[in-house]
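Participant: Fold the following, please.
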Amino acid sequence: MFAKLARTGTLVASIAIAGCNDSSMKDFAPEANKPLPDKILADMRAKGMVRTSSVMARIFKEEGKLEIWKAKTNGRYDMVASYDICKWSGKLGPKYTEGDRQAPEGFYTVRPAQMNPRSNYHLSFNIGFPNAYDRANGRTGQNLMVHGACSSSGCYSMTDAQIEQIYAFGRDAFQGGQTEFQVEAFPFRMTAANMARYRNDPNYEFWKMLKVGYDNFEVTKVPPKVDVCEKRYVFNQVAADGQTFDPTGPCPATTQPDSLKSAYNAYQSTYDAAFNSALKASVPPPKPTIAGIKEASIVSDWSKRRARGERVPIEPPSLNNDGSVSETARMGRIDSPAGRKMAALDAEKAAKQKAEEQRLAAIEAAKQAKEAAKAQALAEKEAAKAQAVAAKEAAKAAKEAPVATATIAAPSEATPEAETQAASADESRVTKLKNKLLGMFGG
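Facilitator: Residues are numbered from 1 along each chain as shown. Here you go, the predicted model:
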């Protein structure tokens, strides 16, 4: 059944086969022409694949894995290589807006024109963000890549050796006639256990939508046919004759092969039982996820200020559950022409501010000195005035003071005893004087 679907292309529009345009392939740089290792080629042959058979990629953020799947001769796909993603930026959850540093999640298409053999990141290919779903939901961004150099700002970055192999898979498939290949990017493997872990996450409804495409591939092992209507993904649906899928319009009437519906329903029944069991299980705690457009806008503003060369926290801010924003204390500035220009402007501004502060300080010091001198002169004037008043009052007091007069006692009558004592005293003084004269002259 699935081989027939693959042959008819009903469910695999994303891997349509057509002649390859030479102009899209002739400019490959030497790094882009390296052949796949012999071991990988041997594994492909063992699984019934040829070097140029169709290819697809699956990405799992939480595990940090990028898988390469190739079509076998029966039309179904099998995994042929798995790589550890060197770096991806942001958190689990989709990309919302330019500058939010989120690596995209969803179903994307890569064509030969999106392959860049002369990338600044060794080799790269643009995954095709924004796709029809992203544009219908107002999501913005550009140049979202899978590339080398192990450096990421919203991309999936690999080592140079890894991207050479991943690039070669796409190159060989294009050379074999594949016109486009699918990149499916998921937050995690969409197992019952993982979906139960994240059932309370704000991104859960988006992830449930992606899971339908994930499950279709798990059932068929063929990349699903992807369309968008009513601003949502739809998978493996065939529009009725004369109707089309409008990303923002109503979904058309569709049909689906009974065999596919039956297989999908059986898969879903098994999943539901596993999900209910997982709700009771002890599992690892969820990883950080983006809190919707509000957090994306906060990070986007940080990115814009950083790109202008401003000093910003060295890590993007995060929105907490209570609505507050967390930022790292360390500040930094990117080393770029914009950063260096902004640093020079900030230094010039700081120098001007310092000079102005010094000028104002000098004016204030002169003002205070003038006021101090004025206060001192006033104090001296008041002191002199007080001293003059004091002297004046002292002179007035001296002038008004009474004149002192001597009092002569009137003679009083002496008693006989007093007269006798006075005479004895006189006689004694005469005697002492006589004796002193005799002593002087030897008498």
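
Participant: which secondary element of the protein has the worst mean pLDDT?
Facilitator: Lowest by mean pLDDT, DSSP states H and E among the helices and strands of the chain is helix 2-8, with a mean of 42.

Participant: The next helix or strand after it packs against which elements?
Facilitator: Counting by DSSP states H and E, the next helix or strand C-terminal to helix 2-8 is helix 38-46. Applying 3 or more CB pairs under 8 Å, 6 or more residues apart in numbering; DSSP states H and E, we find helix 38-46 packed against strand 77-84. The way it works is simple: take the backbone N, C-alpha and C, and place the C-beta from them, glycine included.

Participant: Does the next helix or strand after the strand it packs on pack against any helices or strands, and if so which?
Facilitator: Note on strand 77-84: by DSSP H and E, the next helix or strand toward the C-terminus is strand 87-88. The helices and strands touching strand 87-88, judged by 3+ CB pairs under 8 Å, 6+ apart, are strand 156-157.

Participant: How about residues contacting stretch 285-296?
Facilitator: 62, 90-97, 100, 102, 187, 197-198, 201-203, 318-319, 321 (CB atoms under 8 Å, 6 or more residues apart in numbering).

Participant: residues in contact with the residue nearest in space to the middle of the chain?
Facilitator: The centroid of the chain falls nearest to residue 316 when counting by CA atoms, centre = their mean (0.7 Å). Contacts for residue 316 (CB under 8 Å, 6+ apart) come out as 101, 299, 302-303.

Participant: In helices, which of the residues you listed fall?
Facilitator: Among the contacts of residue 316, the residues falling in helices (DSSP state H) are 299, 302-303.

Participant: Residue 247: which of these is nearest?
Facilitator: residue 299 (25.8 Å; CB to CB).

Participant: what's the burial count for the closest one?
Facilitator: By other CB atoms under 10 Å, 23 other residues sit near residue 299.

Participant: just residue 308 next, same as before
Facilitator: 15.

Participant: Spell out the secondary structure type for the closest residue to it other than its chain neighbours.
Facilitator: With CB to CB, 6 or more residues apart in numbering as the criterion, residue 308 has its nearest non-adjacent residue at 6.0 Å, and that residue is residue 338. Secondary structure, DSSP: H, G, I helix; E, B strand; the rest coil: residue 338 is helix.

Participant: Please look at residue 338 and residue 306 and confirm they touch.
Facilitator: No. Using CB atoms under 8 Å, residue 338 is not in contact with residue 306; the gap is 9.3 Å.

Participant: more crowded one of these two?
Facilitator: Taking other CB under 10 Å, residue 338 and residue 306 do not tie; residue 306 has more neighbours (23 against 15).

Participant: which one is the more buried one nearest to, not counting chain neighbours?
Facilitator: Per CB to CB, 6+ apart, closest to residue 306 is residue 312, 5.0 Å.

Participant: Next: residue 64.
Facilitator: Nearest to residue 64 is residue 85, by CB to CB, 6+ apart, at 4.6 Å.

Participant: which ones are touching the closest residue to residue 298 other than its chain neighbours?
Facilitator: In this structure, residue 298 finds its nearest non-sequential neighbour in residue 317, 5.4 Å apart by CB to CB, 6+ apart. Taking CB under 8 Å, 6+ apart as the criterion, residue 317 is in contact with 298-299, 302, 325-327.
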